[in-house]
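Enquirer: quick one: sequence plus predicted model below, questions after.
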Amino acid sequence: MNVHPLPPSALKGEGMTSQRARDRLATKLKEEGIRDQRVIDVIRNTPRHHFIDQALHSRAYENTALPIGHGQTISQPWVVARMTEALLEFGVPQKVLEIGTGSGYQAVVLAQVVPQVYTVERIEELLRQARRRFRQLGLTNIRSRHDDGKLGWPDEAPFDAIILTAAGDAIPHAVLDQLSPTGVLVAPVGSPSNQMLIRMRGDGQGDFIQEELAAVSFVPLLGGIG
Ligand code: SAH
């Protein structure tokens, strides 16, 4: 069961935004290898259409990334599910930092399965819209900040888990420094044409165990604020 379920009123919708559409998406994610039932349940119970423009509502439960303005995208549901599953695999992290709030969808998925989410976005307008969605969904365990996420969120560090939803050539040092010694970090790394989702786990001695999880395609991790 979810730690923080959304209110049932959040799930109203008809046709392409109905519960049936979400159920179909959840089934598809299972077929495509997502194993963690907590993650499947959260995707099934999160109204993705609230995170995109009305003109795209008919595509909200397709397994694709979609534009959210400012040249950015809401991630593909399979990628959101895989990243969330990868963060939960060794136990539920208490404090999670997300870099790249975007629409707020990934943060809302996380906020239903972990106690506390911190999320940083460099484009103020996107953050404003995401905050409105957090409020409307009644989630009080997400803190958000308008800043360059390459700096992490030093005042709140360390984090048990960190997720980057934009891709750079490498994980910024400041971000890695804010991971707890046995924490888990999941991020896309590489160029737009050659990106890999990686997971790093602290071994408690200051070293990391690194794994490649999947080939992915994310928008770039930029510097400064927008
Ligand atoms: N997690 C988002 C995905 C958004 S796309 C969702 O569920 O919708 C990636 C986001 O990362 C974009 O909104 C982009 O503006 C943001 N981003 C890119 N570089 C960043 C940086 N240095 N700091 C903070 N946010 C950044």
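Expert: Noted; the coordinates are in hand.
Enquirer: show me where the protein has strands.
Expert: Using DSSP state E, the strands of the chain run over 66-69, 72-74, 95-99, 116-121, 142-146, 159-164, 179-191, 194-202, 208-216.
Enquirer: residues of this structure that sit close to the ligand?
Expert: Neighbours of the ligand within the chain, by Cβ under 6 Å from any ligand atom: 72-75, 99-100, 102-103, 105-106, 120-123, 126, 148-150, 165-166, 219, 221-223. All C-beta spots, glycine's among them, are computed from the backbone N, C-alpha and C.
Enquirer: filter these down to the buried ones.
Expert: Neighbour-count burial (16 or more other Cβ atoms under 10 Å) applied to those gives 72-75, 99-100, 102-103, 105-106, 120-123, 126, 148-150, 165-166, 219, 221-222.
Enquirer: just give the closest residue to R201, not the sequence neighbours.
Expert: Of all residues not flanking R201 in the chain, I209 sits nearest, at 4.7 Å (Cβ to Cβ, 6 or more residues apart in numbering).
Enquirer: what does R143 give?
Expert: Y118 (5.1 Å).
Enquirer: so where is the chain shaky, pLDDT-wise?
Expert: 1-3 (pLDDT under 70).
Enquirer: contacting residues for the residue nearest the centre of the chain?
Expert: In the chain, the residue lying closest to the centroid (Cα atoms, centre = their mean) is Q106, at 2.9 Å. Applying Cβ atoms under 8 Å, 6 or more residues apart in numbering, we find Q106 in contact with S75, V80, M83, T84, E98, I163, T165.
Enquirer: same check, this time on L176
Expert: The contact partners of L176, by Cβ under 8 Å, 6+ apart, come to L185, M200.
Enquirer: adding distance to R131, write the strands of the chain out as JSON lines.
Expert: Listed next are the strands of the chain as JSON lines, based on distance: least, Cβ to Cβ, whole Å:
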{"stretch": "strand 66-69", "distance to R131": "14"}
{"stretch": "strand 72-74", "distance to R131": "16"}
{"stretch": "strand 95-99", "distance to R131": "14"}
{"stretch": "strand 116-121", "distance to R131": "10"}
{"stretch": "strand 142-146", "distance to R131": "6"}
{"stretch": "strand 159-164", "distance to R131": "18"}
{"stretch": "strand 179-191", "distance to R131": "23"}
{"stretch": "strand 194-202", "distance to R131": "27"}
{"stretch": "strand 208-216", "distance to R131": "26"}
